[in-house]
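Asker: Sequence unavailable; structure follows:
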Ligand SMILES: Nc1nc2c(ncn2[C@@H]2O[C@H](COP(=O)(O)OP(=O)(O)OP(=O)(O)O)[C@@H](O)[C@H]2O)c(=O)[nH]1
Ligand SMILES: [Zn+2]
């Protein structure tokens, strides 16, 4: 395989099969930082500062189609260390949320992820409902719950038990990153696999990364040095290749995590409830006050936790709203876009006189 050298970064045949004969001359790279106006891209033995072509911007119907951290891109070198991104290869997985605020748009957190470390502190930050919400991000990736700051909790095993009672079939590890106790994470970090780290602000994501790589990760400095214009750019996601193998993606702490997806995103956190709902009398049961609802019956019997159910109903409502509105916004976007294209085409024809 002529792209063998890319496998430590997670390259595989899924991506290779997308490259046409004509595109074989282009440089393949992985987006490691997204800046305001450009990207840092890792390729064979070289780090590039790259911009997306105007065509790529023009063709993108939404921001989500533009290069994001974790993406495999095809580039053309224009100068030493500088390149232009021509194409984003189709993603194997996407972690995204709804943009904060009222807008109904997707915000991509990272792409082409194999595993997701969902971090929570074992201090006052610990919150089961929030864990259930973060698990909805893990589509097509393996989630691992990381309970950090074990040093601040007298009995971490009690919390682990609590999580296990509510969330089935998800691995849970305990860490104390400030004390460099992160060895519980090592088994998940393998050569060629990409892991994103998510969690609210202050749970210790950066401390975990620093402890894993054994030195402080000076992201801002590196970016300033690499930015061709020497500008101070605020970056929010960083992809790094570990010396021991494996790729880590750090993400900014999130204040609110609004969902972007469909009902299937709930199947990890609410596997038990979804299984029960098959026995509801009505197909469109909302599991609130219908007769013959298997879930409310289980609640009455005490076999389903009430807080777990309340969170399920809340999240399912949020997704249902999105599903009805998503179509509308997608349609509007497409419409505006086509209007723009038709207008430009007409102008082009006019200039060419055809
Ligand atoms: N006691 C204790 N404190 C920790 C631990 N891990 C991180 N901290 C502290 O928690 C605070 C936040 O840690 P960060 O690593 O900056 O958290 P973060 O998740 O990267 O935060 P954002 O960058 O805002 O998303 C810092 O003061 C850390 O020293 C831990 O295991 N135990
Ligand atoms: Zn029901």
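Answerer: Done, it's in. Being a predicted model, the structure only gives us computed values, none of them experimental. Ligands and ions are numbered 1, 2, ... in the order given.
Asker: Can you pull the poorly scored residue ranges out of the stretch 151-300 of the chain?
Answerer: 216-236 (pLDDT under 70).
Asker: who in it is up against ligand 2?
Answerer: Within the stretch 151-300 of the chain, the positions near ligand 2 by CB under 5 Å from the ion are 280, 285, 287, 293, 295. The way it works is simple: take the backbone N, C-alpha and C, and place the C-beta from them, glycine included.
Asker: Name the surrounding residues that touch stretch 164-180.
Answerer: Outside stretch 164-180, the residues within contact range by CB atoms under 8 Å, 6 or more residues apart in numbering are 122, 128, 131-132, 135, 143-151, 156, 160, 163, 181-182, 184-185, 204, 207-208, 210-211, 268-269, 271-272, 305, 308.
Asker: redo that, cut-off 6 Å
Answerer: Stretch 164-180 has contacts (CB atoms under 6 Å, 6 or more residues apart in numbering) with 128, 143-148, 150-151, 156, 160, 163, 181-182, 184, 204, 207-208, 211, 271, 308.
Asker: at contact distance from ligand 1, anything in that stretch?
Answerer: Yes. Judged by CB under 6 Å from any ligand atom, stretch 164-180 and ligand 1 are in contact via 176-178.
Asker: related to what we said a few turns ago, out of the residues of the stretch 151-300 of the chain next to ligand 2, name the ones that lie in strands.
Answerer: Within these, no residue falls in strands by DSSP state E.
Asker: where exactly do the strands run in the stretch 51-200 of the chain?
Answerer: In the stretch 51-200 of the chain, the strands defined using DSSP state E, counting those that start in this stretch lie at 72-79, 82-88, 94-98, 106-111, 115-121, 142-148, 171-174, 194-198.
Asker: Pick the most buried one from those strands.
Answerer: Among those, strand 194-198 has the highest mean neighbour count (mean count of other CB atoms under 10 Å), at a mean of 26.
Asker: Can you list the strands that that strand pairs with?
Answerer: Paired with strand 194-198 in the same sheet, following DSSP bridges, are strand 115-121 (parallel), strand 247-250 (parallel).
Asker: Name the residues of the last one that are buried.
Answerer: Taking 16 or more other CB atoms under 10 Å as the neighbour-count basis, strand 247-250 is seen to contain the buried residues 247-250.
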